[in-house]
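> no letters, just coordinates:
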């Protein structure tokens, strides 16, 4: 191991687009990659001086839209354009219920979030909320259940010198399979030694 001289490290975070009400533009979007979720809780972070952070602090509602590789142009348009209206007629979306929270039809998965607490740390603001609704693209579902191998988020990877997109393939393994295989190997090894001991008595 060697020391890694960088002020930031992105070790593979799913890219998503936040949709939020906007006081000036009615509704808006921005790209983000900083989030985690536990149960119905979700946490995401934004630079405090951004329009998205200001608007979400005000309205305390948003949608988290997980995008796939085929929507990277929209991801960059939402991320590299600042303090402008970024929802256009070319962007397929609808509003959640009667609110101004945009839900992007191009997303793989959408979380509708009610923000419960807001914490500022240095130049960043962390938003903690609960998930009110989850939606998934029809292509990800079969008999109402998520088909895990079809969910392919784009990951954000890199450091302060260079950031890249990393794409997920369809390779999957069941949760716990490595431990299960290790236990099988341990049992086989133990049985082998038992047989050796028994044979040595002959």
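Sure, I can see it. On a predicted model such as this, the values are computed, not experimentally measured, just so you know.
> CA only for contacts and neighbour counts going forward, please
Will do.
> list the buried ones in the helix or strand harbouring residue 58?
For residue 58, the host element (DSSP states H and E) is helix 51-59. For helix 51-59, burial by neighbour count (16 or more other Cα atoms under 10 Å) applies to 51, 52, 53, 54, 55, 56, 57, 59.
> what about the strands in the chain?
9-14, 16-22, 26-32, 35-38, 41-47, 61-66, 93-95, 102-104, 109-121, 124-136, 141-142, 145-146, 154-159, 163-167 (DSSP state E).
> give me every residue that touches residue 134.
Contacts for residue 134 (Cα atoms under 8 Å, 6 or more residues apart in numbering) come out as 109, 110, 111, 112.
> so what does the helix holding residue 58 touch, helix or strand wise?
strand 16-22, strand 41-47 (3 or more Cα pairs under 8 Å, 6 or more residues apart in numbering; DSSP states H and E).
> average pLDDT for that helix?
What helix 51-59 shows for mean pLDDT is 97.
> need the contact partners of it.
Under the contact criterion Cα under 8 Å, 6+ apart, helix 51-59 has outside partners 20-23, 29-30, 46-48, 62, 82-83, 118, 125.
> which of those tops the neighbour count?
residue 29 (31 neighbours; other Cα atoms under 10 Å).
> give me phi/psi at residue 175?
phi -60, psi 130 (degrees, to the nearest 10).
> how does this structure divide into domains?
Following automatic domain parsing, the chain resolves into domains at 9-167, 174-202.
> most neighbours per residue, which of those?
The highest mean neighbour count among those, using mean count of other Cα atoms under 10 Å, belongs to domain 9-167: a mean of 17.
> quick one, which of the helices and strands packed on helix 51-59 is nearest to residue 148?
strand 16-22 (17.7 Å; Cα to Cα).
> paired strands for that closest one, with orientation please.
Using DSSP bridges, strand 16-22 pairs in its sheet with strand 26-32 (antiparallel), strand 61-66 (antiparallel).
> for residue 177, which of those is the nearest?
strand 61-66 (26.7 Å).
> got the angle for that closest one vs strand 109-121?
120 degrees (axes from the mean of the first three to the mean of the last three Cα atoms, to 10 degrees).
> just to revisit the earlier point, will you turn the strands of the chain into CSV that also has distance to residue 173?
Converted to CSV, the strands of the chain look like this (distance: least, Cα to Cα, whole Å):
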stretch, distance to residue 173
strand 9-14, 18
strand 16-22, 24
strand 26-32, 27
strand 35-38, 21
strand 41-47, 25
strand 61-66, 21
strand 93-95, 33
strand 102-104, 29
strand 109-121, 21
strand 124-136, 21
strand 141-142, 18
strand 145-146, 15
strand 154-159, 19
strand 163-167, 17
